[in-house]
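**Q** predicted structure and sequence below. I'll ask about it afterward.
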Amino acid sequence: MSKTNAMLTAEARERVGKGSARELRRNGMVPAVIYGDKQAPVSIAISRNEISKRIFGGGFMTTTFTVEVGKKKYMVLPKDYQLDPVRDFVMHVDFLRISEKSVVTVAVPVHFINDEKCPGIRKGGVLNIVRHEVEFHCPANAIPDSITVDLASAELGDSIHISAVELPENVTPVITDRDFTIATIATPAGLKSDAEDGDEEADEVEEEGSEED
C-alpha cells in the first residue's frame, strides 16, 4: 500500500501572484495550494529541497501527506506539480484536501513480473505495454503503490486485460465500460516473416506431393 501520513512542514502564504511566487523561489521555497473538500483554498510555501526529494524519490502522487502549517494540520494527496522546463526545478504543487474516509482517484503505476519465465517472450515475443499507469478509485488511506501483472503464462499474441489483474479490496478502475488492455505479447515482424515462410514451404511440399500422386 501507499505510504500514508508522511509529514510535510509548510508556511502560510499571505501574498499570492507571480511576483510573490518568484520571490519565494529565489528564497528556496516552492508555492503550493491546498484545495477541495468544499473549503476555501489554503496558499502555502514548502522548502524546495524537501518537496524535490519527495517528488523525485518516487511514489509522490500516490502518497498521502499531513501538511503542518503553523498549528494547523491538513491531510492531503498530491494532485499535480509543475517543473521548470529547462532546469527541472519544482515550480508549484497542488494538494487535494482529504480525510480518512475520502475516496480518491489516482493513477497507479503498473509493474510486470516473471518476464524471464514468460513463454511468449522466450519464443521471441516482445512485451508491448499499452498502459504504464491505470486510474483507480480507492480509499485515501489504502492507495496501492502499484498493480502487478504476472507474465508467467502469457503466450505469443496474448493480450493482458484489467480483469486478469488481482486488485486490492475497494480498488476499482475508473474505466468500467470495457475490459481494457494493459499489455500484449507482440510477435516481431521478423518472427512473423519466418513463420509465414515456413507456412509457404509447407504448402509447397504438400502441392508437390499431390502432383507426384
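**A** Noted; the coordinates are in hand. Numbering: from 1, shown residues only.
**Q** going forward, measure contacts and count neighbours with C-alpha atoms only.
**A** Noted.
**Q** how about Pro41, nearest residue that isn't a chain neighbour?
**A** Tyr35 (4.4 Å; C-alpha to C-alpha, 6 or more residues apart in numbering).
**Q** tell me where the model's unsure across this structure.
**A** Within the chain, the segments meeting pLDDT under 70 span 1-4, 190-213.
**Q** recalculate using a threshold of 80.
**A** The chain contains residues with pLDDT under 80 at 1-5, 14-18, 100, 189-213.
**Q** domain parsing for it?
**A** 6-99, 105-192 (automatic domain parsing).
**Q** ok so, going back, could you measure from the residue nearest to Pro41 over to Ile98?
**A** 9 Å (C-alpha to C-alpha, to the nearest Å).
**Q** please apply the same query to Arg48.
**A** In terms of C-alpha to C-alpha, Arg48 sits 23 Å off from Ile98.
**Q** ok, back up a step: which one of Tyr35 and Ile98 is surrounded by more residues?
**A** The neighbour count for Tyr35 versus Ile98, taken as other C-alpha atoms under 10 Å, is higher for Ile98 (22 against 17).
**Q** pull the contacting residues for the more buried one.
**A** Residues near Ile98 by C-alpha atoms under 8 Å, 6 or more residues apart in numbering: Gly36, Asp37, Met75, Val76, Leu77, Ala140.
**Q** are any of the residues you listed buried, and if so which?
**A** Met75, Val76, Leu77, Ala140 (16 or more other C-alpha atoms under 10 Å).
**Q** tell me which residues touch the last one, please.
**A** Residues near Ala140 by C-alpha under 8 Å, 6+ apart: Thr64, Leu77, Ile98, Ser99, Glu100, Lys101, Ser102, Val103, Val104.
**Q** quick check on those residues: which are buried?
**A** Using 16+ other C-alpha under 10 Å, the buried ones in the contacts of Ala140 are Thr64, Leu77, Ile98, Val103, Val104.
**Q** so which of those residues comes closest to Gly19?
**A** Set against Gly19, the nearest of these by C-alpha to C-alpha is Leu77 (26.8 Å).
**Q** circling back: same list, the buried ones among the contacts of Ala140, but as a markdown table with distance to Ser163 and secondary structure please.
**A** Listed next are the buried ones among the contacts of Ala140 as a markdown table, based on distance: C-alpha to C-alpha, whole Å; DSSP: H, G, I helix; E, B strand; the rest coil:
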| residue | distance to Ser163 | secondary structure |
| --- | --- | --- |
| Thr64 | 27 | coil |
| Leu77 | 27 | strand |
| Ile98 | 29 | coil |
| Val103 | 21 | strand |
| Val104 | 21 | strand |
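**Q** what's the farthest-apart pair in these?
**A** Farthest pair in these, by C-alpha to C-alpha: Thr64 and Val103, 12.2 Å.
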